[in-house]
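Asks: Okay, sequence plus prediction incoming.
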Amino acid sequence: MYLIKTPRVIQKLFPNFHWRVEAKSPQPSIYLTFDDGPIPHLTPWVLEQLAQYDAKATFFCVGNNARRYPTVLQQVIDAGHTVGNHTMHHLDGWKTDNVPYFHDARHCAVQLKTSLFRPPYGRLKPSQAQFLQRHYEVVMWDVLSGDFDPELTPEDCYDNVVDNAKAGSIVVMHDSLKAEENVRAILPRILKHFTELGYTFASLTPELLTKPGVVADARLKTA
Ligand SMILES: [Zn+2]
C-alpha cells in the first residue's frame, strides 16, 4: 500500500527532508525524478523525450547500475540533468542495519559525486533518517506516478501525475524495466500537458534545495 500524494502530515513528520520545492521562480516548474536506472534499455529513451521539451530532470541512480553502464550515466550528466544517490544496491532501510546501509549510501555518493539522496522504497528507520539528513539532501516527493505498479494502467499513472502535480512538485517515475510500459506511455504526454500549461521541467540541485525558505527554516527550528 502506498499513497499517490504524500499527505502534509507525513511531510511535517520529516521537515528536513525535501518533499517539494518551495523556492519561488517566475515560471512554475515541476521536478521530475527517475529512480532505479541508469539502464541502456530505457534511460536513453527517457533522455530523448526530455530533450524534445528542453526538460531537465533528476535521476536517482542505483550505484551498481551506474557502475555497470557508465556510458549511460555519462549521457545523463552530459544532457545537463542532476544525478542523485539511490544506494549502491537499492537497499531497503527497514530491512538493513544502519552501518551497512550508511556504508552503501556513502559508497554511492562518492561514486556519483552527489549530495542528493533518495532512500529506495522511501523506507528509512528513524535513526537512519536522523543520520542521513545530516550528511545529504534527502529528497522524497509529493507525487508518485505509480508507474512501478503492475496493477495500474498507463491511464491511471498519467492521471496520478496530472491530477496532483503543481508548481514545485517533485514527481517520482522510474527508468526501470518494471515501469517501462507505463513510462513509455505517459512521459511524452506528461511533458506535453504541463508544457502547454506554461510549466518548465527543472532538475533538483543542492543550491535549489538549500535556498533560504521553508526548508531551511524548518532546519533551524530543529537544530
Ligand atoms: Zn528505487
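Replies: Noted; the coordinates are in hand. Numbers count the residues shown, from 1 in each chain.

Asks: Give me every residue in this protein lying close to the ion.
Replies: For the chain, the residues found near the ion under the criterion CB under 5 Å from the ion are 35, 36, 120. Every C-beta, even on glycine, is put in place using the N, C-alpha and C of the backbone.

Asks: My read is that the first one contacts residue 86, right?
Replies: Yes. Here residue 35 lies in contact with residue 86, judged by CB atoms under 8 Å, at a distance of 5.8 Å.

Asks: who touches both of those two?
Replies: Residues touching both residue 35 and residue 86 (CB atoms under 8 Å, 6 or more residues apart in numbering) are 60, 118, 120.

Asks: Just put the residues you listed in TSV and tack on neighbour count.
Replies: Below are the shared contacts of residue 35 and residue 86 laid out as TSV (neighbours: other CB atoms under 10 Å):
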residue	neighbour count
60	28
118	26
120	18
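
Asks: and the longest strand seen in the chain, which strands flank it?
Replies: Assignment by DSSP state E gives strand 29-35 as the longest strand of the chain. Partner strands and pairing direction for strand 29-35 (DSSP bridges) are strand 58-61 (parallel), strand 170-174 (parallel), strand 200-201 (parallel).

Asks: Can you add mean pLDDT and give those back as a markdown table?
Replies: As requested, the strands paired with strand 29-35 are exported to a markdown table (pLDDT from 0 to 100):
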| stretch | mean pLDDT |
| --- | --- |
| strand 58-61 | 98 |
| strand 170-174 | 98 |
| strand 200-201 | 97 |
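
Asks: winner for burial among these?
Replies: Mean neighbour count (mean count of other CB atoms under 10 Å) peaks for strand 58-61 among the strands paired with strand 29-35, with a mean of 28.

Asks: Heading C-terminal from it, find the next helix or strand.
Replies: Toward the C-terminus, strand 58-61 is succeeded by helix 63-68 as the next helix or strand (DSSP states H and E).

Asks: Scan this structure for its longest helix.
Replies: Longest helix in the chain, counting residues (DSSP state H): helix 180-196.

Asks: what does the average pLDDT come to for that one?
Replies: The average pLDDT within helix 180-196 is 98.

Asks: and that helix, what does it pack onto?
Replies: helix 43-52, helix 154-164, strand 170-174, strand 200-201 (3 or more CB pairs under 8 Å, 6 or more residues apart in numbering; DSSP states H and E).

Asks: how does it look with 6 Å?
Replies: helix 154-164 (3 or more CB pairs under 6 Å, 6 or more residues apart in numbering; DSSP states H and E).

Asks: which residues touch the helix it packs on?
Replies: Contacts to helix 154-164, defined as CB atoms under 6 Å, 6 or more residues apart in numbering, come from residues 4-5, 143, 145-147, 171, 182, 185-186, 189-190, 193.

Asks: Looking at those, spot the one nearest residue 204.
Replies: Of all the contacts of helix 154-164, residue 171 has the smallest distance to residue 204: 11.2 Å, by CB to CB.

Asks: got the contact list for the helix or strand containing residue 71?
Replies: Taking DSSP H and E as the definition, one finds residue 71 inside helix 70-78. Identification of contacts with helix 70-78 by CB under 6 Å, 6+ apart yields 38, 40, 43, 47, 59, 66.

Asks: Surely the fifth one and residue 85 touch.
Replies: No. Under the criterion of CB atoms under 6 Å, residue 59 makes no contact with residue 85, lying 10.5 Å away.
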